[in-house]
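Chemist: give me a 3D structure for the following:
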Amino acid sequence: MPGDSPGLEDQSAAAATIASESQLGKSGKRDAFAELLAPKPKQAKHTKDVQSRDHSNKRAIGGPRDGLGAYIANPEAYPASVVVYYNNDFVAIHDLFPKSTLHLLLLPRDATKTRLHPFDALEDPVFLNKVKAETKKLRTLAAGELRRRYGKYSEQDKERQRALNADPPPDKLPPGRDWEQDIKCGIHACPSMNHLHIHVISVDRYSDRLKHKKHYNSFSTPFFVPIDDFPLAKDDVRREPTKEGYLRRDYICWRCGKDFGTRFSELKMHLEQEFEEWKRL
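Modeler: Have a look, this model is predicted:
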């Protein structure tokens, strides 16, 4: 994509399977969030939506940039390892090229909004409220998956883990770590995919799919606009991501603030160290 926009693989939909195990309560029943994220033995391949549609915003139609359309149109065609859940208004999927250990996409299904730039689509207050509410739902789901994966390592979750392993478990579990604080939810100021999508992504930036500056800076600078910041003011500088040069900035660690300049290999090694420390908080 021209200018500062990330490459096509960055925003291609769907993604690596989130292996999901349930947390057991006193009743012994599976957790509803874990059920939604449960893996299946076989995965449907991610396909591209090449249907042409008439849209007023004149964005190019067809080809790789329309790859998210298939999930919006036919989410029922995919297993839970690809489509996390769907309803009349939204589809939640795994990102195909995750830039963190957990990376989901929320796809609105409103035909009047889905091909608009997010800055335009989210000007509608009614639509924005629906998106915020659904994003919150998916964020809670993602936080539950982070706890399932990393709770056993977390110092803040130790008491909760002990309660979960008790026989019988207590009537009320300790709250433990607030994993929702480790989930970022927002859009890219210049998306590389045509269909409107909201990223719901863990903060760690630890992934073999994170391969260069645009990958990292698209989630680590104001190029990533939190959904809670909408509606944006007309003069918000994030409306001009190319002018601001967000994707060309030096690498700054998301956690400790260390400046790595343009040394990507050093950043990657550092991100692994930060990941190990972060999950043990």
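Chemist: buried residues in stretch 207-214?
Modeler: Neighbour counts over stretch 207-214 (16 or more other Cβ atoms under 10 Å) mark 207, 209-211, 213-214 as buried. The way it works is simple: take the backbone N, C-alpha and C, and place the C-beta from them, glycine included.
Chemist: kindly report the same for stretch 158-174.
Modeler: Residues of stretch 158-174 classed as buried: 160-161, 164, 169, 173 (neighbour count, 16+ other Cβ under 10 Å).
Chemist: so where is this structure shaky, pLDDT-wise?
Modeler: Applying pLDDT under 70 to the chain picks out residues 1-62.
Chemist: that one: strands as residue ranges?
Modeler: 83-86, 90-94, 103-108, 183-188, 198-202, 224-226, 251-252, 259-261 (DSSP state E).
Chemist: for these, which one sits closest to residue 77?
Modeler: Of all the strands of the chain, the one in closest proximity to residue 77, counting by Cβ to Cβ, is strand 83-86 (8.4 Å).
Chemist: partner strands of the closest one, with direction?
Modeler: strand 90-94 (antiparallel) (DSSP bridges).
Chemist: what's the residue closest to the geometric middle of this structure?
Modeler: residue 200 (2.6 Å; Cα atoms, centre = their mean).
Chemist: contacting residues around that one?
Modeler: 92, 103-106, 135, 138-139, 142, 183-185 (Cβ atoms under 8 Å, 6 or more residues apart in numbering).
Chemist: so the top helix by length along the chain versus strand 183-188, what angle?
Modeler: Assignment by DSSP state H gives helix 125-150 as the longest helix of the chain. Here the directions of helix 125-150 and strand 183-188 differ by 140 degrees (axes from the mean of the first three to the mean of the last three Cα atoms, to 10 degrees).
Chemist: for helix 125-150, name the packing helices and strands.
Modeler: When contacts are defined as 3 or more Cβ pairs under 8 Å, 6 or more residues apart in numbering; DSSP states H and E, helix 125-150 packs onto helix 32-36, strand 90-94, strand 103-108, strand 183-188, strand 198-202.
Chemist: please enumerate the helices of the stretch 151-281 of the chain.
Modeler: 158-165, 213-220, 241-244, 264-279 (DSSP state H, counting those that start in this stretch).
Chemist: the residue nearest to the centre of the chain and residue 229, how far apart?
Modeler: Distance of residue 200 to residue 229, given as Cβ to Cβ, to the nearest Å: 15 Å.
Chemist: for residue 265, same thing?
Modeler: 33 Å.
Chemist: next up, the contacts around residue 204.
Modeler: Applying Cβ under 8 Å, 6+ apart, the residues contacting residue 204 are 100-101, 182, 271, 274-275, 278-279.
Chemist: try it again at 10 Å.
Modeler: 99-102, 146, 150, 182, 210, 254-255, 271-272, 274-276, 278-279 (Cβ atoms under 10 Å, 6 or more residues apart in numbering).
Chemist: related to what we said a few turns ago, for the helices of the stretch 151-281 of the chain, give me CSV that also has distance to residue 177.
Modeler: Below are the helices of the stretch 151-281 of the chain laid out as CSV (distance: least, Cβ to Cβ, whole Å):
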stretch, distance to residue 177
helix 158-165, 8
helix 213-220, 22
helix 241-244, 33
helix 264-279, 10
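Chemist: which of the ones you listed is buried the deepest?
Modeler: When you average the neighbours per residue for each of the helices of the stretch 151-281 of the chain (mean count of other Cβ atoms under 10 Å), helix 213-220 leads with a mean of 22.
Chemist: still on that earlier bit, just give me the closest of the buried residues of stretch 207-214 to residue 75.
Modeler: The closest of the buried residues of stretch 207-214, once distances to residue 75 are taken by Cβ to Cβ, is residue 209, at 22.9 Å.
Chemist: do you know which of the helices of the stretch 151-281 of the chain lies nearest residue 121?
Modeler: helix 241-244 (16.7 Å).
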